[in-house]
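Undergrad: need a 3D model of the following:
(one chain, ligands or ions: 1)
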Amino acid sequence: MTTRRKLVVGNWKMHGSHAANAELLQGILAGGPVNADLAVCPPFPYLSEVAVTLANSAVAWGAQDVSAFEQGAYTGEVSAAMLREFGCRYAIVGHSERRAYHGETDQLVADKAKAALSRGVTPIVCVGETLAQREAGETEAVVKRQLSAVIHTLAHCIGEVVVAYEPVWAIGTGRTASPEQAQAVHALLRAQLAAATPHADAMRLLYGGSVKPDNAATLFAQPDIDGGLIGGAALKAADFLAIARAA
Ligand code: PEP
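TA: I've put the predicted structure just below:
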């Protein structure tokens with residue numbers, strides 16, 4: 001079995017300011033090296049200053065979204081080529097908040113992942129079921145359908161993405177999937193990937209949903225959980241670092 005280096009990504013969502021970002025990043029950098037890959041995803045306007053602050057550090061940065069289009073008359077959109085110019089290593093695509101509030105479909109999410117990859121930006125593809133879907137026994141069908149669109153659209157490049165399993169009912173709610181619940185879904189996602197690419201064993205599958213310093217270690221100890229996509233706890237340097245150290 002391949003040893004996968006853990007990856008911990010902070011999704012800052014629509015939080016931050018010049019001052020708050022500077023303080024947060026200084027706190028993270030002061031924590032020193034950790035035995036995991038780290039990245040932060042600030043809102044678009046702050047990418048430039050985050051890039052300057054993190055330039056010579058081990059912490060990478062990314063965006064919270066990317067356009068499916070190359071360029072053109074798409075007001076409000078940001079292209080993968082632009083993200084690349086700002087040194088983004090990652091772009092989150094298909095976060096449940098974008099699926100829910102911006103009507104993003106499985107195919108649009110897949111097209112965004114393709115656009116990111118075409119410019120050398122690694123998509124972090126989010127999948128996850130709602131509470132109603134879980135209670136209806138639809139978890140497996142939902143996450144497989146979401147991932148399937150990306151597998152079909154990326155074809156042989158699917159091995160280059162990061163997948164984040166984020167049960168919608170666990171995001172920002174303080175309710176975390178148990179390590180066993182999360183592992184079960186990660187295992188089936190990896191099996192689905194293994195049917196599509198010989199590289200599935202090397203792919204990183206992150207868990208997201210109310211990851212905190214006190215639950216990170218048991219989640220990250222699961223065999224198919226290769227790190228986390230962290231929301232609320234990524235806004236406090238001490239918490240983000242504690243989660244990174246648990247990885
Ligand atoms: C997220 O937004 O991706 C997330 C997992 O949020 P939280 O950690 O706050 O649940």
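Undergrad: up against the ligand, what does the protein have?
TA: Counting by CB under 6 Å from any ligand atom, the residues of the chain close to the ligand are 11, 13, 166, 171-172, 208-211, 229-233. Using the backbone N, CA and C atoms, a C-beta is placed for each residue, glycine as well.
Undergrad: count the neighbours of the residue nearest to residue 59 when sequence neighbours are not counted for me.
TA: Among residues not flanking residue 59 along the chain, residue 38 sits closest, at 4.7 Å (CB to CB, 6 or more residues apart in numbering). For residue 38, the neighbour count with other CB atoms under 10 Å is 25.
Undergrad: again with residue 213
TA: 17.
Undergrad: isn't it right up against residue 242?
TA: Yes: at 3.6 Å, residue 213 counts as touching residue 242 under the criterion of CB atoms under 8 Å.
Undergrad: mind checking how far residue 225 is from residue 153?
TA: Per CB to CB, to the nearest Å, residue 225 is found 25 Å from residue 153.
Undergrad: please say which of these two ends up with more neighbours.
TA: More crowded of residue 225 and residue 153, by other CB under 10 Å: residue 225, with 25 against 18.
Undergrad: secondary structure of the more buried one: a helix, I assume?
TA: No: using DSSP: H, G, I helix; E, B strand; the rest coil, the secondary structure at residue 225 is coil, not a helix.
Undergrad: where does the nearest residue to it once chain neighbours are set aside fall, helix, sheet strand or coil?
TA: Using CB to CB, 6+ apart and skipping residues adjacent in sequence, the residue nearest residue 225 is residue 207, 5.0 Å away. Following three-state DSSP, the label given to residue 207 is strand.
Undergrad: the one 4 residues further on now?
TA: The assignment at residue 211 comes out as coil when based on three-state DSSP.
Undergrad: please verify my assumption that it contacts residue 243.
TA: Yes: the pair residue 211 / residue 243 is scored as a contact, 6.0 Å apart, by CB under 8 Å.
Undergrad: which neighbours do the two share?
TA: Contact criterion CB atoms under 8 Å, 6 or more residues apart in numbering; residues shared by residue 211 and residue 243: 228, 230, 233.
Undergrad: neighbour-wise, which of those leads?
TA: Highest neighbour count within the shared contacts of residue 211 and residue 243: residue 228, with 30 neighbours (other CB under 10 Å).
Undergrad: in this structure, what residue is nearest the ligand?
TA: Using CB to the nearest ligand atom, the closest approach of the chain to the ligand is made by residue 231 at 2.1 Å.
Undergrad: which residues of this structure score low on pLDDT?
TA: For the chain, applying pLDDT under 70 flags the ranges 1-2.
Undergrad: that one: helices as residue ranges?
TA: With DSSP state H, the ranges of helices along the chain come out as 18-30, 47-54, 80-85, 96-101, 106-118, 131-135, 139-154, 179-194, 216-220, 237-246.
Undergrad: counting neighbours, which bits of stretch 79-98 end up buried?
TA: Applying a neighbour-count criterion of 16 or more other CB atoms under 10 Å, one finds 79-84, 87-98 buried in stretch 79-98.
Undergrad: equivalent analysis for stretch 209-228, please.
TA: Under the neighbour-count criterion of 16+ other CB under 10 Å, stretch 209-228 has 209-213, 215-216, 219-220, 222, 224-228 buried.
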